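> output the structure for:
(3 chains)
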Amino acid sequence: MDDQARIMQSIGGVSLAGHSVQGGMALPPPHGHDGTDGDGRKQDIGDILHQIMTITDQSLDEAQAKKHGLNCHRMKPALFSVLCEIKEKTGLSIRGAQEEDPPDPQLMRLDNMLLAEGVAGPEKGGGSAAAAAAAAASGGAADNSIEHSDYRAKLTQIRQIYHTELEKYEQACNEFTTHVMNLLREQSRTRPISPKEIERMVGIIHRKFSSIQMQLKQSTCEAVMILRSRFLDARRKRRNFSKQATEILNEYFYSHLSNPYPSEEAKEELAKKCSITVSQCLSKGSPLCFSFVSNWFGNKRIRYKKNIGKFQEEANLYAAKTAVNAAHAAAAAVQNSQANSPTTPNSGSSGSFNLPNSGDMFLSMQSLNGDSYQGAQVGANVQSQVDTLRHVISQTAGYNDALGGNAMYSPHGLNANGGWQDATTPSSVISPTEGPGSVQSDTSN
DNA sequence: GCTAATGATTCGCA
DNA sequence: TGCGAATCATTAGC
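This next block holds a predicted model:
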């Protein structure tokens, strides 16, 4: 049955949606069982419909009067309920199915980003968290602290503006929604507006405001990005490493000269030992990065290779230094092994890399001293240290006499093509299977 | 201000 | 993806 027919049938007397016709008029049976009365009512309804159709052509006063007349008409409740039903079953059912929109991915991205940057969500330091963590790692250099506080202050400003605006939007949205709902409820007395329709209207309003909010979120994201890029740009300013950091890196480099390619674990360990600075950390966006170690080794390898002669002196300095460390370590190990336990050869190197153990610093020296350490209980690494020490001492003396000719650090790590030796050759290469601590004992065996 | 040193970046390659 | 090489940009010493 089509709607038009149903209207006619309903108006003809069938109870519609629980409404009974008011005005004391007894409803006739459907389909005009009473032919005379049915014709009269059809005429009546035809007039009403005609009045409705022509109401817009009339003046406002006349229209109001007509409207009032229609509202008071005895058929009005029946017509009203019919119209409600028609709206319910046609337009709304179709729209309702279409309005189940999935969450906007763009909005989700913005939300996630604002959350990650600490602009949205609970205040927890947000985007400055990384900076703060890095600051802690760096030991809090004064200039960095200033930059951090500056960054945090600006981020806080953005956060405040964002929340203020968001609050305004939400307030406006709520006010407007309430206003519209009241209007619709008011109008629902005179025209067919179902609760579902009101609900749908509220949804539309929310979506409109949500799109405005998205613009706000987008602008906020852009502001944060600009701030971040400026902040990081400022951090890209080159700062020299501390002397200690340079020494640590140099120690590693020269003790692994045949293969100066630290593993990820070694890089991490080196970064920790070097007390990585904020600028270097944040330049990669993470306080845990150790890319500065890679940069340093990349630069060092290139510059060493380009000018080996220039680095000879430096190399020997580190050789002597590590030899002294080795001596201390070896002596301690010997003492420990003799005094305490015959089966505890691993003495460690008291905080610095166990460089002499690496062996490749003195690859060509291993066979020079045939006499092994007599303490049979001492492990191989201690033995190696002692051997190394003996050899370094002798070599250092020779170097002073014949600089350039008998350099302690001959570029043995470089092959004929200018590349470094194959990584499998030196014993110093840190196995990828070793843990971070392996930096200190990469060639113990 | 000049220059060397040096950390960071970029690009091409394997 | 990591490397070498070139280059940029900044710092430090004079």
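> switch to C-alpha atoms for all contacts and neighbour counts from now on
Will do.
> wait, a helix at A:Phe297?
Yes. Assigned with DSSP: H, G, I helix; E, B strand; the rest coil, A:Phe297 falls within a helix.
> A:Tyr254 contacts A:Ala319, correct?
Yes. Between A:Tyr254 and A:Ala319 there is a contact under C-alpha atoms under 8 Å: 7.5 Å.
> show me what contacts A:Leu70?
A:48, A:76 (C-alpha atoms under 8 Å, 6 or more residues apart in numbering).
> sticking with it, tell me its helix or strand.
According to DSSP states H and E, A:Leu70 maps onto helix A:60-71.
> reduced to three states, what does A:Pro192 come out as?
A:Pro192 carries the three-state label coil when classified by three-state DSSP.
> how many other residues sit next to it?
20 (other C-alpha atoms under 10 Å).
> go on, the one 4 residues further on?
Other residues near A:Lys196 number 12, with proximity taken as other C-alpha under 10 Å.
> just checking, it is part of a helix?
Yes. Counting by three-state DSSP, A:Lys196 is found in a helix.
> tell me which other helices or strands the helix or strand hosting A:Arg303 touches.
When elements are assigned from DSSP H and E, A:Arg303 belongs to helix A:291-306. Counting contacts by 3 or more C-alpha pairs under 8 Å, 6 or more residues apart in numbering; DSSP states H and E, helix A:291-306 is packed against helix A:264-273, helix A:278-282.
> name the SS class of A:Arg238, please.
Following three-state DSSP, we place A:Arg238 in the coil state.
> residue numbers of the stretch 251-400 of chain A in contact with DNA strand C?
Residues of the stretch 251-400 of chain A lying near DNA strand C by C-alpha under 7 Å from any atom of the strand: A:261-262, A:294, A:298-299, A:301-302, A:305.
> let's see that with 10 Å instead.
A:259-264, A:267, A:291, A:293-306 (C-alpha under 10 Å from any atom of the strand).
> report the mean confidence score over stretch A:122-136.
Here stretch A:122-136 scores 46 as its mean pLDDT.
> elements contacting the strand or helix carrying A:Gln106?
According to DSSP H and E, A:Gln106 maps onto helix A:105-117. Other helices and strands packing on helix A:105-117, by 3+ C-alpha pairs under 8 Å, 6+ apart, are helix A:195-235.
> same for the helix it packs on, what does it pack against?
The contact analysis (3+ C-alpha pairs under 8 Å, 6+ apart) places helix A:195-235 against helix A:105-117, helix A:142-187, helix A:278-282.
> so for the second one, what's the average pLDDT?
Per-residue confidence for helix A:142-187 averages out to 79 on the pLDDT scale.
> hmm, that helix in reach of DNA strand B?
No. Applying C-alpha under 10 Å from any atom of the strand, one finds helix A:142-187 separated from DNA strand B by no less than 13.7 Å.
> that helix close to DNA strand C?
No. Using C-alpha under 10 Å from any atom of the strand, helix A:142-187 never reaches DNA strand C; the gap is at least 10.7 Å.
> sorry, back to before: flag every buried residue along the helix holding A:Arg303.
Neighbour counts over helix A:291-306 (16 or more other C-alpha atoms under 10 Å) mark A:291-294, A:296-297, A:300-301, A:304-305 as buried.
> which of the residues you listed has the weakest pLDDT?
In terms of pLDDT, the lowest of those is A:Ser291, showing 75.
> average pLDDT for stretch A:267-284?
Across stretch A:267-284, the average pLDDT comes to 61.
> fine, thanks again, bye for now.
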